[in-house]
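**Q** What follows is a predicted protein model with its sequence.
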Amino acid sequence: MSDWIKNVVNKIKDLSRSVDSYQKASIIQSLPTVAYVNKAKKLIENRKLDDAENILKEALDISNQDSRVYKYLGKIYELRRKFEDAVKYYSTSAQINPQDKEIWLRLGMCQLNSKLYTEALNSFEKAAKITPLNTDVQTGWGMALMKLKKYALARDKFLAAVKISKYNFSAILLSAIMEIKLCDYDSAETKLEFLAKVAPNESSTYEYANLKLLKADYDAAEKYAKKSIEYNKKMQPAYIVLGEVYSRRKDFENTEKVFQSAIDNDLENEVLHYEWGRAYIRMFEFDKAGEHLNIALSKDNEYLNAKIALALLNSYKGDFKLVDELKEKYGNDVYIQEAIALEKMSEDRIEDAVEIFKKALRTDKSQTYNYLHLARAYQILDNKDKVRENFEKFTIENPGYADGFLEYAKWLIKISDIADAQRKLRKAEKISKNNSEVLNLLFFTSYTLAKENICEYNIREAILLAQKAEEAGSFEHQTQKLELENILKNLQGSN
């Protein structure tokens, strides 16, 4: 081949390469990716995600600067619930085309699901600048603020979302949840009552049940928790609400049933056993509580809530190792406060213990066992008025707990208030039938009072109590019973 022909061929090759470079660099070259994106969109709609992904990756070979390709790759990974991968693709799409009306919303939602809350906040702020009247953007923005525990600001965003669309029931629900966090129970109730009528589901009825529980309206809490479970048998928080309702009522049977029902519906985990343990603590069934707390820790040995509750139970037995480990960081927890006070009692620092028991009651007034602790502490301090006051508070709060009345009665006997002791023991006997210890003490108080005011009725009542105690398996006052029987014979003989 002659030199001039070679030159011509080489120039043609150079020109061809130049054209190829131009086409690759040219914005016009991105136009063919439209066909790939459109085809991928149809495949995504039909949930053929693998095929759609392959086509979009082919489109990247044509142009790596088409924001729509990255956007729909993000969509694929969002649908697969691989949110961190979705974030990467959506972020690239947003960088290429930051004016896309949807991209910042999608990016923000995936960042929320990836626990990138600060980044999500930034994305929703950008989305709001492009589409300020988008109810979903305001909702997402509120969710990011909620995760960052900025509850008042979150509520404002949810309310803004509702103003844009009154049918945004999710935003109504979330605003109610924020109001519960902010202790604005009346506003929350208005919203949840509305949702219970117009858009009831497992979430809204559960939140209503939870609000009713916080307001100590246990009947309503039970009603809405049951409704939540009717909508969705896998709604674990609703079972937990029911467990708390029943345990606060000291309804041992239904408490056990509801937690067992949760297990039967495949909801067993460390949280369920922890809540079951807490329910037993409320009912003063401490051994059973310990069993469930240990199960919770066996499922997750770093489960802090279970450790804190177990620290309290250990302190009842004089074991303060766990509370010593936790008290510095978690001293504001009511269980830890109670445990610290018990440790002070063990160290004979009674006045310090009293102040901490009071602090625990200020932290959570429903932890009424602290009244019993206070009654015991004031006995050591020999403050009879305070002992009586705290026993009264405890028994009023726990009218179905026989041991509370029994302990109260023992103290009353000790200070020779026999008549009041008898009244407390009668209440204990109604709660705990055939309780040998109660019947023996009840006989003793009746015997004492009968000796002070001898009459046939009083003596017969005391003898009947002795017979009940004997039938219960243990009677400790045979001499006193015989004495009353002789007095009765003398009375009958004199008649």
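**A** Perfect, I can see it now.
**Q** CA only for contacts and neighbour counts going forward, please
**A** Noted.
**Q** Show me the shaky parts of this protein.
**A** By pLDDT under 70, the weakly predicted segments of the chain are 1-31, 493-495.
**Q** How are the strands of it distributed by residue range?
**A** In the chain, no strands are defined using DSSP state E.
**Q** Next up, the contacts around the nearest residue to residue 431 once chain neighbours are set aside.
**A** Using C-alpha to C-alpha, 6 or more residues apart in numbering and skipping residues adjacent in sequence, the residue nearest residue 431 is residue 402, 5.8 Å away. Contacts for residue 402 (C-alpha atoms under 8 Å, 6 or more residues apart in numbering) come out as 427, 428, 429, 431, 432.
**Q** repeat that for 7 Å
**A** When contacts are counted by C-alpha atoms under 7 Å, 6 or more residues apart in numbering, residue 402 touches 428, 431, 432.
**Q** do residue 448 as well
**A** With contact taken as C-alpha under 7 Å, 6+ apart, residue 448 is in contact with no other residue.
**Q** and residue 350, how far is that from residue 373?
**A** Residue 350 sits 11 Å away from residue 373, going by C-alpha to C-alpha, to the nearest Å.
**Q** so what's residue 370 closest to, chain neighbours aside?
**A** residue 357 (5.8 Å).
**Q** surely the one you found meets residue 338?
**A** Yes. The criterion here is C-alpha atoms under 7 Å, and residue 357 meets it with residue 338 at 5.9 Å.
**Q** what's the neighbour count on the residue lying closest to residue 485 once chain neighbours are set aside?
**A** Once flanking residues are discounted, residue 485 sits nearest to residue 463: 7.4 Å by C-alpha to C-alpha, 6+ apart. Neighbour count for residue 463, taken as other C-alpha atoms under 10 Å: 21.
**Q** how near is the residue nearest to residue 370 to residue 347?
**A** 15 Å.
**Q** Same check on residue 221?
**A** Separation of residue 221 from residue 347 (C-alpha to C-alpha): 42 Å.
**Q** out of these two, which sits in the busier spot?
**A** Between residue 221 and residue 347, counted using other C-alpha under 10 Å, the more crowded position is residue 221 (27 against 10).
**Q** If you tally nearby residues, what's the number for the closest residue to the more buried one other than its chain neighbours?
**A** In space, and not counting its chain neighbours, residue 221 is closest to residue 209: 4.1 Å by C-alpha to C-alpha, 6+ apart. Residues lying near residue 209 (other C-alpha under 10 Å) number 30.
**Q** who's in contact with residue 209?
**A** Contact partners of residue 209, counting by C-alpha under 7 Å, 6+ apart, are 220, 221, 222, 224, 225.
**Q** what number of residues lie near the third one?
**A** Residues lying near residue 222 (other C-alpha under 10 Å) number 24.
**Q** Tell me how far stretch 355-365 lies from the chain's centre.
**A** Relative to its chain's centre, stretch 355-365 lies at 21 Å (C-alpha atoms, centre = their mean, to the nearest Å).
**Q** ok, and what's touching it?
**A** Under the criterion C-alpha under 7 Å, 6+ apart, residues 334, 337, 338, 341, 367, 370, 374 lie in contact with stretch 355-365.
**Q** how about a cut-off of 10 Å?
**A** Here stretch 355-365 makes contact (C-alpha atoms under 10 Å, 6 or more residues apart in numbering) with 332-342, 344, 350-351, 353-354, 366-374, 377.
**Q** tell me the helices in the stretch 251-400 of the chain, going along the chain?
**A** Assigned by DSSP state H, counting those that start in this stretch, the stretch 251-400 of the chain shows helices spanning 252-264, 270-282, 286-299, 304-316, 321-326, 334-346, 350-363, 369-380, 384-397.
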